[in-house]
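A.B. asks: have a look at this prediction, sequence included:
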Amino acid sequence: MLFSFSLFPRFRHLTARLLLLVLALAPGVLAQQPQMHLPRTKLSAGMHMLDVQLAQTPQERQIGLMFRKEMPPHEGMLFVFEQPATQCFWMRNTFIPLTAAFVADDGTIVNLADMKPLTEDAHCSAKPVRFVLEMNQGWFAKRNIQAGYKLTGAPFSR
């Protein structure tokens, strides 16, 4: 039910402050929802096809896979940065165990890091990279994919 300010003049300032508070808190409330509608692309790891979401903006990268309860085995998230740099990831508000593959511009995996849910331990690339691919923990190990393995797909074709 909406109230007209004219009907309740004594509450006008209180209502306006409440509205401002709700608007100020909205991004935090909305951020607690998993990102499910990011653009997608296909990647290949040999004969294995991956359907990955692209986290390309600072806000998309900051939220990443937070708040997800599950992720299908053939899906992941590719974090795309503007410049190569030492990339470090943590698992704050992330409920599923993940492995991060730190990936060079040509698709070569530089290093892998298994990450425990709901921790703030830093997991960093061994050298500057522009891409980080997060998959369910164990996905790379089950397929014997290690550092030096080359992924293919449009992001690595520039």
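C.D. replies: That came through, no problem. Residues are numbered from 1 along each chain as shown.

A.B. asks: spatially central, which residue of the protein would that be?
C.D. replies: G64 (1.5 Å; Cα atoms, centre = their mean).

A.B. asks: so for stretch 90-107, what gets flagged as buried?
C.D. replies: Buried residues in stretch 90-107, counting neighbours by 16 or more other Cβ atoms under 10 Å, are found at 91, 93-94, 98-104, 107. (C-beta placed from N, C-alpha, C; glycine too.)

A.B. asks: can you tell me the SS state at the closest residue to L133 other than its chain neighbours?
C.D. replies: Residue nearest to L133 in three dimensions, not counting chain neighbours: A101, with 4.4 Å by Cβ to Cβ, 6 or more residues apart in numbering. Using DSSP: H, G, I helix; E, B strand; the rest coil, the structure places A101 in strand.

A.B. asks: what's near enough to touch A101?
C.D. replies: Listed by Cβ atoms under 8 Å, 6 or more residues apart in numbering, the contact set of A101 reads 109, 111-112, 132-135, 140, 145, 151.

A.B. asks: give me that answer again for 10 Å
C.D. replies: Applying Cβ atoms under 10 Å, 6 or more residues apart in numbering, we find A101 in contact with 45, 76, 78, 109-113, 125, 129, 131-135, 139-140, 145-147, 149, 151.

A.B. asks: can you check L151 too?
C.D. replies: Listed by Cβ under 10 Å, 6+ apart, the contact partners of L151 are 43-46, 48, 50, 78, 101, 103-104, 106-109, 131, 133, 145.

A.B. asks: just the buried members of these?
C.D. replies: Among the contacts of L151, those buried by neighbour count (16+ other Cβ under 10 Å) are 43, 45, 50, 78, 101, 103-104, 107, 109, 131, 133, 145.

A.B. asks: widest-spaced pair of the buried residues of stretch 90-107?
C.D. replies: With Cβ to Cβ as the measure, no two of the buried residues of stretch 90-107 lie farther apart than N93 and G107, at 29.0 Å.
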